[in-house]
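let's see this in three dimensions:
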Amino acid sequence: PYLYPDHRPTSRNKNSSHVDLARWMEEDPEQHRLYPKVEEAVCYECMLEPGDVLYTPPLWWHHVESCDDSISVLVPFDPLPQEIQHLM
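Just a heads-up that it's a prediction; the model follows:
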């Protein structure tokens, strides 16, 4: 509930958020006004080095920022039944 899921019928990804998290983290007043509960979310931060892998459990919200040129690959190797729709 803290990340304002996108439940619109037209949404292609129900796991998306209405929050522009990059702007929210930069203290954008509009984002803070529209989405005050983000402050209550638990946040974990990590910096990956070349060759590192980060496991994100199914249905965990995540935000990615690249500090340099990079390539990211999302491999849903353990999808839950409700996630299968995103693999088609």
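
gap between the host helix or strand of R23 and the chain center?
Per DSSP states H and E: R23 is located in helix 21-25. Remark: helix 21-25 is offset 12 Å from the chain centroid, using Cα atoms, centre = their mean, to the nearest Å.

equivalent analysis for stretch 56-63, please.
6 Å.

dump the helix holding R23 to CSV, restricted to CA.
Only the C-alpha atoms of helix 21-25 are listed here, as CSV (Å, rounded to 0.1, in the frame of the first residue of the first chain):
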residue,chain,number,x,y,z
LEU,A,21,10.5,7.1,-7.1
ALA,A,22,13.6,8.9,-8.5
ARG,A,23,11.8,12.2,-8.1
TRP,A,24,10.4,11.2,-4.7
MET,A,25,13.9,10.5,-3.5
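
so for it, mean pLDDT?
In this model, helix 21-25 has a mean pLDDT of 89.

list the buried residues of it.
Using 16 or more other Cβ atoms under 10 Å as the test for burial, helix 21-25 gives 21, 24. Yep, even glycine has a C-beta here, placed from its N, CA and C like the rest.

the residue nearest the centre of the chain: what's it in contact with?
The centroid of the chain falls nearest to H62 when counting by Cα atoms, centre = their mean (2.9 Å). When contacts are counted by Cβ atoms under 8 Å, 6 or more residues apart in numbering, H62 touches T56.

start the count at 55 instead of 1 going forward.
Yep, numbering from 55; the last one is H116 now.

per-residue pLDDT, it?
Confidence score, pLDDT, at H116: 82.

pretty sure it is in a strand, no?
No - with DSSP: H, G, I helix; E, B strand; the rest coil as the criterion, H116 is located in coil rather than a strand.

quote the end-to-end distance of stretch 57-76.
Length of stretch 57-76, first residue to last, Cα to Cα, to the nearest Å: 13 Å.

swap in stretch 102-120?
Start to finish, the residues bounding stretch 102-120 are 10 Å apart (Cα to Cα).

that one: how far from the chain's middle?
10 Å.

equivalent analysis for stretch 58-67, please.
Centre-to-centre, stretch 58-67 and its host chain are 14 Å apart (Cα atoms, centre = their mean).

okay, buried residues for that stretch please.
Across stretch 58-67, burial judged by 16+ other Cβ under 10 Å covers P59.
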